[in-house]
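Novice: what's the 3D shape of this:
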Amino acid sequence: MVSCYSFENSNSMTKPRTSYICQSCGYAVSKWMGKCPDCGAWNSIAEEPVRSSGSSDRPGAGISGSSAATAFHEVSSQEHVRFSSGLLEFDRVLGGGIVPGSLVLLGGDPGIGKSTLLLQAAELMQRDGKRLLYVSGEESEKQIKMRGDRLGIRPSHLFLLTETCLERILETIDAVQPAVIILDSVQTVFSEKLGSAPGSISQVREVATQFLLLSKQRSISAFLIGHITKDGALAGPKSLEHIVDTVLYFEGERYHSHRIVRTVKNRFGAANELGVFEMTNEGLIPVDNPSKLFLAERPAGAAGSVVIGCVEGSRPILVELQALVSGTNYASPRRMAAGVDPNRVSLLLAMLDKRLGLHLGGSDVYVNVAGGLTVDEPAADLGIVASIVSSYRNRAIAPDRVIFGEVGLTGEVRSTSQTPLRIREAASMGFKQCILPHNSLPKPEHQPDIELIPVRSVQESMEVLFD
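Specialist: Predicted structure coming up:
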């Protein structure tokens, strides 16, 4: 009797299955480790319960509402048109407006203005009669109301919900029937069907998947606000960025008044689009002319300062690039870069040493993009080289010149894309000369009222600038 009781009791009290999952990348291992073998993160592996295959609560129908396959020619084209968020810069980064049934992920540092931006957009969208639901897991309804009063908004079709349980949020959505949902934030929401803590890999993936099915099946546009890690990446699994349709990053320096929204992924438009806002007491105000904003405080006649023509997505922007070359008293000179890739600066310094005989081994080199903007395209190479040479020789570059072009390790200046956009932006800002790659010279009928100086090598460009 005793042995029989012990056997039956052991079967009825089966230990739940668990797995050790990295909270940074989602990699699963059979036992705890101090360092993730996949992404290399330390102390990121946590124990989580494993859901059995029989306990899955996923619906039988797919995203489209049907589990049957459909021939390609039988699928009707989507006739839904985009609708505006009310903020032109926000519409730009979304690809021209909000697509019904889209799932957008917005990430950024704490306090940068993510909730403020979406609350302003919600107030403008509800003016067209759309019902919106703002779900907050971090603030109370009175706190959201205080922010709305400070911004001076009085929405009548905006509903507030302070809830962190996914099942209760879905019940409220069924009752309100909104056209747009804002979830602040995805890391605070949890599902009762999972035993792990909010913000874990399994919880974030489950919440994002449920909102994906909801937005696709009911054509509800959903905005998910995500946390940012200390490394500047979105917190949670990398699969979170694969689930959503659009990924936006909210950037900006704490001591600058402007904020930048950058598109990293967009299934309905071009990636790398850029939207610029100015933070004021009345909220975020769109900036129509970013070039004027970034060049407003440019010093005249300063050595090491140059204006470069950049393109972010489909928008041309002129920014000031500064360099400072000074002697050092240490054996190893310092190399620092802000706003550009430090590795790219090191390659260009090696090229200057070999091709131009510019020996900078005994000098500290600092490169900075004024205004806090990050420029990651190769077209900024020629501007980086020009600013370094200008500071090294202590000779200023003419303030009415714009420079852009990619530089190779042999000293050649390579062609860049979207050259007419850069030239037209420089001409509209009043610049008189533009130094560009020879192979990027546009056709004569497309040239605006600005002098174009094509160059083939770094040596030739330095002769044009300083001789």
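
Novice: show me what secondary structure element comes after whatever helix or strand S387 lives in.
Specialist: Assessed by DSSP states H and E, S387 sits inside helix 381-393. Per DSSP H and E, the first helix or strand lying C-terminal to helix 381-393 is strand 401-403.

Novice: direction included, what does that following strand pair up with?
Specialist: Strand 401-403 has the following sheet partners, assigned by DSSP bridges: strand 305-312 (parallel), strand 433-437 (parallel).

Novice: can you put these in CSV and add mean pLDDT?
Specialist: Shown next, in CSV, are these (pLDDT from 0 to 100):
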stretch, mean pLDDT
strand 305-312, 95
strand 433-437, 96
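
Novice: and the longest strand for the protein?
Specialist: Taking DSSP state E as the criterion, the chain has its longest strand at strand 315-327.

Novice: tell me what the helix or strand following that one is packed against?
Specialist: On the C-terminal side of strand 315-327, the closest following helix or strand by DSSP H and E is strand 335-338. On a contact count with 3 or more CB pairs under 8 Å, 6 or more residues apart in numbering; DSSP states H and E, strand 335-338 meets helix 342-351, strand 363-369. (Glycine included, C-beta is placed from N, CA and C.)

Novice: how many neighbouring residues does N43 have?
Specialist: Other residues lying near N43 total 10 when counted by other CB atoms under 10 Å.

Novice: any idea how far the closest residue to it other than its chain neighbours lies from S44?
Specialist: Excluding its sequence neighbours, the residue lying closest to N43 (CB to CB, 6 or more residues apart in numbering) is G34, at 6.5 Å. Going from G34 to S44 by CB to CB, to the nearest Å gives 9 Å.

Novice: for S102, what are its contacts?
Specialist: Contact analysis of S102 by CB atoms under 8 Å, 6 or more residues apart in numbering lists 215, 221-222, 245-246, 267-268.

Novice: now the terminal residues of stretch 453-460, how far apart.
Specialist: End-to-end distance for stretch 453-460, by CA to CA, to the nearest Å: 11 Å.

Novice: hmm, who's touching it?
Specialist: In contact with stretch 453-460 (CB under 8 Å, 6+ apart) are residues 351-352, 355-356, 382, 385, 405, 407, 411-413, 433-438, 440-441, 461, 464.

Novice: buried only: go through the residues you listed for me.
Specialist: Neighbour counting by 16 or more other CB atoms under 10 Å classes 351-352, 355, 382, 385, 405, 407, 411-413, 434-438, 440, 461 among the contacts of stretch 453-460 as buried.

Novice: continuing past the lowest-mean-pLDDT helix or strand in the chain, what's the next helix or strand?
Specialist: Sorting the helices and strands of the chain by mean pLDDT, DSSP states H and E puts helix 2-12 at the bottom, at a mean of 46. Tracing the chain past helix 2-12, the next element assigned as helix or strand by DSSP H and E is strand 18-22.

Novice: quick one: strands adjacent to that next one?
Specialist: Assessed with DSSP bridges, strand 18-22 is paired to strand 28-29 (antiparallel), strand 45-49 (antiparallel).
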